[in-house]
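Q: show me how the following folds:
(one chain, ligands or ions: 1)
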Amino acid sequence: MDSDRTAPEPAAEESSLTRRSLLRKAGLTAAVGGAGAVLGARTASGATEGGQMGSASSAEMIAMHTVNHGGPTFRAQGMVDNSFNGFDPTEILRDFDWGRTSKLPNGQTLREWDVNAIDKDIEVAPGVKFPAWTFDGRVPGRTLRAKEGERLRINFGNGSAHPHTMHFHGIHPADMDGIAGLGAGLIHPGERTVYEFEAEPFGLHLFHCHAEPLAEHIARGMYGTMIIDPKAGRPAADEMVMVQAGYNTNFDGLGNQLYFVNGIPFCYMHVPVKVKKDQLVRLYLTNLLEYDPINSFHLHGNFFDYYPTGTRLEPSEFTDTISQVQGQRGILEMRFPHPGKYMFHAHKTEFAELGWMGFFEVEE
Ligand SMILES: [Cu+2]
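A: Now for the predicted structure:
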């Protein structure tokens, strides 16, 4: 990836305050004003539903921050406070929640989870907080994992100040679809419901809130992963999950100011994903990015087998770059034959430079 930063702004763009020109202006400001002002910048946490935060300054401040972080010096700016957030992207990577199981009278395994909607400020860059709406206080929500043929039950409680739902991708009856007007419909603050369905088909799936305005509910952080393993399982591997998304920090619905996997921009630049030389690595990759039509994943110095949606056991492609629209997902399998650091990032390089980049660190 080209590490050079912002190109000079064409004069023709000066008059229109596009997302990109805003970022460039902010970058220029940062270069003049230094990073000191960034640390004082905080997004207002009291944004109302529907969402205007009321000023472009938060976006500018985050953009300033990002410009300082996107270039060669970003490491010096430090990491977000994982303890404040209550989650750590390095732990999210390999955190698969198998829930709790019991046997139904017919002998089928019932697998069950409790999930709660929670409003929560998240530090998305040092000193910069984003008023997220979450499942269980995390962005992304937990990775629910089950086996093909099980009965799945999700006990959902809404502890947020806004109505929400859980909409699962998979095969299920209409009244379990988690949308307004069907089944339990919208789950209002303080209410609870139960979603229950069969674990089918096997593959890599996802869930997200389906309350309106849908775009904002997703952009605020209400999504997570569901993995249904095939009955015979998959070959042993170092397994991990990455959920691609973004933060629209000025709530204008026009693209995003920050991009990431697993909730925190640049997280795996600060703390590379450690893997073993020659070991099979299986990456469950989903895309929940709102406001931008296409996301992508590119791996440096290596190729991978790609299994779209994970619903077939044969890969469709051997490549180093794939694209996903929102809701698309796929399984990547790779082995690293050489030790060292290998970058991975969106091959929409603008996204990469605004946070969606990281490193694998291959050890002997
Ligand atoms: Cu919602």
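Q: going forward, measure contacts and count neighbours with C-alpha atoms only.
A: Fine.
Q: against Asp320, how distant is Phe303?
A: Per Cα to Cα, to the nearest Å, Phe303 is found 5 Å from Asp320.
Q: separation between the closest residue to the ion within the stretch 51-200 of the chain and Trp356?
A: Residue nearest to the ion within the stretch 51-200 of the chain (Cα to the ion): His164, separated by 3.7 Å. Per Cα to Cα, His164 is found 27 Å from Trp356.
Q: residue numbers of the stretch 101-250 of the chain in contact with the ion?
A: For the stretch 101-250 of the chain, the contact set with the ion under Cα under 5 Å from the ion comprises His164, Cys209, Ala211, His217.
Q: quick check: the farthest pair among the residues you listed?
A: His164 and His217 (8.1 Å; Cα to Cα).
Q: which residues are in contact with both of these two?
A: By Cα atoms under 8 Å, 6 or more residues apart in numbering, His164 and His217 have these common neighbours: Cys209, His210, Ala211.
Q: pull the contacting residues for the second one.
A: Contacts here follow Cα under 8 Å, 6+ apart; on that basis His210 touches His164, Thr165, Met166, His167, Gly178, Ile179, Ala180, His217.
Q: related to what we said a few turns ago, of the residues of the stretch 101-250 of the chain next to the ion, which is the most crowded?
A: Tallying neighbours with other Cα atoms under 10 Å puts His164 at the head of those, with 30 neighbours.
Q: quick check: bridge partners of that residue?
A: His164 forms beta bridges with Ile187, as assigned by DSSP bridges.
Q: start to end distance for stretch 188-205?
A: 25 Å.
Q: show me what counts as buried in it.
A: The neighbour-count check on stretch 188-205 (16 or more other Cα atoms under 10 Å) flags 188-189, 192-205 as buried.
Q: helices of the stretch 51-200 of the chain, residue ranges please.
A: 57-70, 82-85, 89-93 (DSSP state H, counting those that start in this stretch).
Q: and these, which one's lowest on average pLDDT?
A: When the helices of the stretch 51-200 of the chain are ranked by mean pLDDT, helix 57-70 comes last with a mean of 44.
Q: in what helix or strand does the closest residue to Glu317 other than its chain neighbours lie?
A: Among residues not flanking Glu317 along the chain, Tyr306 sits closest, at 5.3 Å (Cα to Cα, 6 or more residues apart in numbering). In the assignment (DSSP states H and E), Tyr306 maps to strand 304-308.
Q: okay, now the sheet partners of that strand, with direction.
A: strand 317-319 (antiparallel), strand 329-334 (antiparallel).
Q: and of those strands, who's closest to the ion?
A: Across the strands paired with strand 304-308, the minimum distance to the ion, taken as Cα to the ion, is reached by strand 329-334, at 21.0 Å.
Q: which other residues reach the closest one?
A: 204-205, 280-287, 302-310.
Q: wait, the residue nearest to Glu317 sits on Thr321?
A: No - taking contacts as Cα atoms under 8 Å, Tyr306 lies outside contact range of Thr321: 9.5 Å.
Q: which one of those two has more residues nearby?
A: Taking other Cα under 10 Å, Tyr306 and Thr321 do not tie; Tyr306 has more neighbours (22 against 17).
Q: quick one: contacts for that one?
A: Pro315, Ser316, Glu317, Phe318, Thr319, Gly330, Ile331, Leu332, Glu333.
Q: not counting its neighbours along the chain, what's nearest the last one?
A: Once flanking residues are discounted, Glu333 sits nearest to Arg282: 4.6 Å by Cα to Cα, 6+ apart.
Q: what is the burial count for the one you found?
A: Residues near Arg282, counting by other Cα under 10 Å, number 21.
Q: likewise for Phe260?
A: 27.
Q: within the helices and strands, which one has it?
A: Take DSSP H and E as the rule and Phe260 turns out to sit in strand 258-261.
Q: average model confidence for the helix or strand just after that strand?
A: Heading C-terminal from strand 258-261, the first helix or strand you meet, by DSSP H and E, is helix 267-270. Helix 267-270 shows a mean pLDDT of 96.
Q: re earlier: the strand holding Tyr306 - what's its average pLDDT?
A: Model confidence over strand 304-308, given as mean pLDDT, is 98.
Q: now swap in stretch 335-343 and tell me
A: Averaged across stretch 335-343, the pLDDT comes to 98.
Q: most neighbours of all the contacts of Tyr306, which one?
A: Neighbour-wise, the contacts of Tyr306 (other Cα under 10 Å) top out at Leu332, 25 neighbours.
Q: now that residue: how far from Leu313?
A: Counting by Cα to Cα, the gap from Leu332 to Leu313 is 12 Å.
Q: ok, Val124 next?
A: Counting by Cα to Cα, the gap from Val124 to Leu313 is 36 Å.
Q: alright, I will stop here.
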